[in-house]
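Chemist: Below are the sequence and a predicted model; questions follow.
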Amino acid sequence: MLKVIGHIAFIILFLFISFFGIGPVIFADGTMNERIMNLLIIILAYVILIWLYRIFIRKMRIK
């Protein structure tokens, strides 16, 4: 049961980052430098979340 809740939580987090992160980068009225900085922050958030997801999957395999 914890495994299913964990997967659902990560799916929701990915959706939040996609909706609130990529949307403003695409539709922002700022300068190109501002958009690129936002995009780099969003990519970093994805990398961290993927890293945490991999740790979660490894810990679930051990149990």
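Modeler: Perfect, I can see it now. Numbers count the residues shown, from 1 in each chain.
Chemist: okay, now Glu34: neighbour count?
Modeler: Glu34 has 12 neighbours, counted by other CB atoms under 10 Å. Every residue, glycine included, has its C-beta placed from N, CA and C.
Chemist: Distance check, the nearest residue to Phe56 once chain neighbours are set aside against Ile22.
Modeler: What sits nearest to Phe56 in space, not counting adjacent residues and going by CB to CB, 6 or more residues apart in numbering, is Gly6, at 5.5 Å. Distance, Gly6 to Ile22, using CB to CB, to the nearest Å: 24 Å.
Chemist: This structure: helices as residue ranges?
Modeler: 2-17, 23-27, 32-62 (DSSP state H).
Chemist: quick one: contacts for the residue nearest to the spatial centre of the chain?
Modeler: In the chain, the centroid-proximal residue (CA atoms, centre = their mean) is Tyr46; its distance is 3.8 Å. Applying CB atoms under 8 Å, 6 or more residues apart in numbering, one finds that Tyr46 lies in contact with 14, 17.
Chemist: rerun at 10 Å
Modeler: 14, 17-18, 21-22 (CB atoms under 10 Å, 6 or more residues apart in numbering).
Chemist: likewise Phe10?
Modeler: Here Phe10 is in contact with 49-50, 52-53, 56-57 (CB under 10 Å, 6+ apart).
Chemist: Generate a ChimeraX selection restricted to the buried entries among these.
Modeler: Isolation of the buried members of those (16 or more other CB atoms under 10 Å) is achieved in ChimeraX through the command below:
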select :53,56
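Chemist: mind giving me TSV with the contacts of Phe10 and columns for distance to Glu34 and pLDDT?
Modeler: TSV is the format used below for those (distance: CB to CB, whole Å; pLDDT from 0 to 100):
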residue	distance to Glu34	pLDDT
Leu49	23	97
Ile50	25	97
Leu52	27	96
Tyr53	29	96
Phe56	33	94
Ile57	35	93
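Chemist: ok so, going back, now render the contacts of Tyr46 as TSV, adding neighbour count, distance to Ile41 and pLDDT.
Modeler: Output for these, formatted as TSV (neighbours: other CB atoms under 10 Å; distance: CB to CB, whole Å; pLDDT from 0 to 100):
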residue	neighbour count	distance to Ile41	pLDDT
Phe14	15	16	95
Ile17	16	10	93
Ser18	12	14	90
Gly21	17	8	86
Ile22	15	11	84
